[in-house]
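>>> Coordinates only, no sequence provided:
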């Protein structure tokens, strides 16, 4: 009975679960806004290339 109580009160796995949930949220946001992020990166790189040519 004491082993069950110590298992239930143990909180070492909580950090791992929180990290996994944060990763799931970040990956889902990237998948949702994939086209917007791609367009943003393309426009940033095109500005970099055009401004580097003028230097």
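Structure received. Note that the coordinates shown come from a computational prediction; the quantities given were computed from them, not determined experimentally.
>>> Now do the helices in the protein.
Assigned by DSSP state H, the helices in the chain fall at 2-9, 14-32, 34-54.
>>> could those be laid out in TSV, adding mean pLDDT?
Below are the helices of the chain laid out as TSV (pLDDT from 0 to 100):
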stretch	mean pLDDT
helix 2-9	70
helix 14-32	90
helix 34-54	92
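>>> In JSON lines: those helices, plus mean neighbour count.
Every C-beta, even on glycine, is put in place using the N, C-alpha and C of the backbone. Shown next, in JSON lines, are the helices of the chain (neighbours: other CB atoms under 10 Å):
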{"stretch": "helix 2-9", "mean neighbour count": "8"}
{"stretch": "helix 14-32", "mean neighbour count": "10"}
{"stretch": "helix 34-54", "mean neighbour count": "9"}
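>>> Check what contacts stretch 26-35 and list those residues.
Here stretch 26-35 makes contact (CB atoms under 8 Å, 6 or more residues apart in numbering) with residue 37.
>>> from the chain's centre, how far out does it sit?
In this view, stretch 26-35 has its centroid 9 Å away from the chain centroid, taken as CA atoms, centre = their mean, to the nearest Å.
>>> Same question for stretch 24-42.
10 Å.
>>> end to end, how far does that stretch reach?
This stretch, stretch 24-42, spans 25 Å end to end (CA to CA, to the nearest Å).
>>> Could you do stretch 4-15 as well?
20 Å.
>>> ok, now stretch 2-16?
24 Å.
>>> Could you shift the numbering so residue one becomes 12, and keep it that way?
In the new numbering, first residue 12, that becomes stretch 13-27.
>>> For the spatially most central residue of the chain, give its distance to residue 64.
Centroid-nearest residue in the chain, with CA atoms, centre = their mean: residue 37, separated by 3.2 Å. Using CB to CB, to the nearest Å, we find residue 37 at a distance of 35 Å from residue 64.
>>> swap in residue 35?
41 Å.
>>> Kind regards, and thank you for your time.
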